[in-house]
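Novice: Prediction below, plus the sequence it came from.
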Amino acid sequence: MKSYLSKALIIGPFGSSTQTITDFITFTDSVSPITNAISYVQDFESGSYPPIGWARPDWSFGWNSIELDTGINCTPTTAVYVNHYWIDRRGEEVYLITNKVKLGGGTTAQNWLTYDYAYCGYSGYADGLRIEISTDCGATWDSIYGASGVALQTTGYVNSPWYPTCGSWKTDSLDLTSFGYNGDTIMIGFVAINDYGNRFFMDNVNINGQNILAIEEGESNTFHTSIYPNPTKGLFTIRTDTNNIKAEIYSTLGKLVASENIIGGLQQIDLSKQKKGIYFIKLMHNGKTEQRKLILQ
């Protein structure tokens, strides 16, 4: 938190004076840490928009909050969107920027960005999305992803104002560590590129860490576990340096979908019959518990 002195000039019939008030103006520059057990989650359900710590610097048009009847789980949700359908500013870009996030570090760290999105497109027009990363508080940005038109669509063309339907959402994931962001404090910019097409929707922005050595978090007596591939199409492996670990896998609604005892440090698990989405793996050994996130594509 930063505080500032505020000076007030008071003018009256008997002259003027200056009064200094300490801590009159304050603001909080918060950073969200990412560890094995702590993820950053923004589902836009708080009622505050932009979310606390986020920025939407392009107020002429751009990202807005919207209540939808159908989200990623075919249930009502609050999401953000850009209404390209009514905006004819082809080539113009608008940003939605997250707060600062401190990624996990160390040689075993894997930091992932996941988000849900829905876009139908409009025949003959190609709106776009670009994702950028800044490690210097927004002074400079590096692009790590971009798609437009058909490559961005999650369903077929609709040549009228469109809202997502059940099954029209997709989940995308980006391995931030593979782009060289490991232990950095970052901001993420979601850049919508207008081509006068159709509405683009986004929800459930998550940044999570995996395989971050617990010794880096101040724990030197815990177990180390790798989960791969992650994201997965259904079949994945859990490898650990401990002989006997119990693994329980839960959906985002808290439903237990699988339970395995990992003997000998290696176990392959098949979730191909489960719905696509995000799952949580609860790892337990000798009274210690760790939680990891698994993305099923």
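Specialist: Cool, the structure landed. Residues are numbered from 1 along each chain as shown.
Novice: per-residue confidence at Lys276?
Specialist: pLDDT recorded at Lys276 is 87.
Novice: ok, and the closest non-adjacent residue to it?
Specialist: Of all residues not flanking Lys276 in the chain, Leu296 sits nearest, at 5.3 Å (Cβ to Cβ, 6 or more residues apart in numbering). Where you see a C-beta, it was placed from the backbone N, CA and C, and this is true even at glycine.
Novice: quick one: Asp88 and Ile66, what's the gap?
Specialist: Distance, Asp88 to Ile66, using Cβ to Cβ, to the nearest Å: 20 Å.
Novice: the more surrounded of these two?
Specialist: Taking neighbours as other Cβ atoms under 10 Å, Asp88 and Ile66 compare with Ile66 leading, 17 against 10.
Novice: So what pairs up with that one in the strands?
Specialist: Per DSSP bridges, residues listed as beta-bridge partners of Ile66: Ala79.
Novice: my read is Ser173 is in a strand, agree?
Specialist: Yes: with DSSP: H, G, I helix; E, B strand; the rest coil as the criterion, Ser173 is located in a strand.
Novice: per the record, what domains does this protein have?
Specialist: 31-210, 223-296 (automatic domain parsing).
Novice: Out of these, which gets the lowest mean score?
Specialist: domain 223-296 (a mean of 84).
Novice: How far off centre is that one?
Specialist: Using Cα atoms, centre = their mean, to the nearest Å, the mean C-alpha position of domain 223-296 is found 21 Å from that of the whole chain.
Novice: cool, stretch 118-135 as well?
Specialist: Put simply, stretch 118-135 sits 17 Å off its chain's centre (Cα atoms, centre = their mean).
Novice: Please apply the same query to stretch 45-65.
Specialist: 15 Å.
Novice: Same check on stretch 113-124?
Specialist: The answer for stretch 113-124 is 16 Å, by Cα atoms, centre = their mean.
Novice: how long is that stretch end to end?
Specialist: One end of stretch 113-124 sits 31 Å from the other (Cα to Cα, to the nearest Å).
Novice: before we move on, what about stretch 41-59?
Specialist: 24 Å.
Novice: cool, and stretch 227-246?
Specialist: 14 Å.
Novice: And for it, what's in contact with it?
Specialist: Here stretch 227-246 makes contact (Cβ atoms under 8 Å, 6 or more residues apart in numbering) with 110, 112, 173, 210-211, 223-226, 247, 259-274, 281, 283-285, 292, 294-297.
Novice: Now, of those residues, which are buried?
Specialist: The neighbour count (16 or more other Cβ atoms under 10 Å) marks 110, 112, 173, 210-211, 223-225, 247, 262, 267, 269, 271, 281, 283, 285, 292, 294-296 as buried among the contacts of stretch 227-246.
Novice: can you give me the strands in the stretch 151-297 of the chain?
Specialist: Using DSSP state E, counting those that start in this stretch, the strands of the stretch 151-297 of the chain run over residues 170-175, 185-193, 200-210, 225-228, 235-240, 244-251, 256-263, 266-270, 277-285, 288-296.
Novice: again, but for the stretch 1-150 of the chain
Specialist: Under DSSP E, counting those that start in this stretch, the stretch 1-150 of the chain gives strands at 2-12, 15-27, 31-33, 40-42, 64-68, 77-82, 93-97, 100-102, 110-119, 128-134, 142-148.
Novice: Quickly run through the sheet partners of the last one, with directions.
Specialist: Spelled out, that is strand 142-148. According to DSSP bridges, strand 142-148 has these partners: strand 128-134 (antiparallel).
Novice: buried stuff in the partner strand?
Specialist: Applying 16+ other Cβ under 10 Å to strand 128-134 flags Gly128, Leu129, Arg130, Ile131, Glu132, Ile133, Ser134 as buried.
Novice: who does the closest residue to Thr98 other than its chain neighbours bridge with?
Specialist: Using Cβ to Cβ, 6+ apart and skipping the chain neighbours, the partner closest in space to Thr98 is Ile188 (4.5 Å). Beta bridges link Ile188 to Ile133, judged by DSSP bridges.
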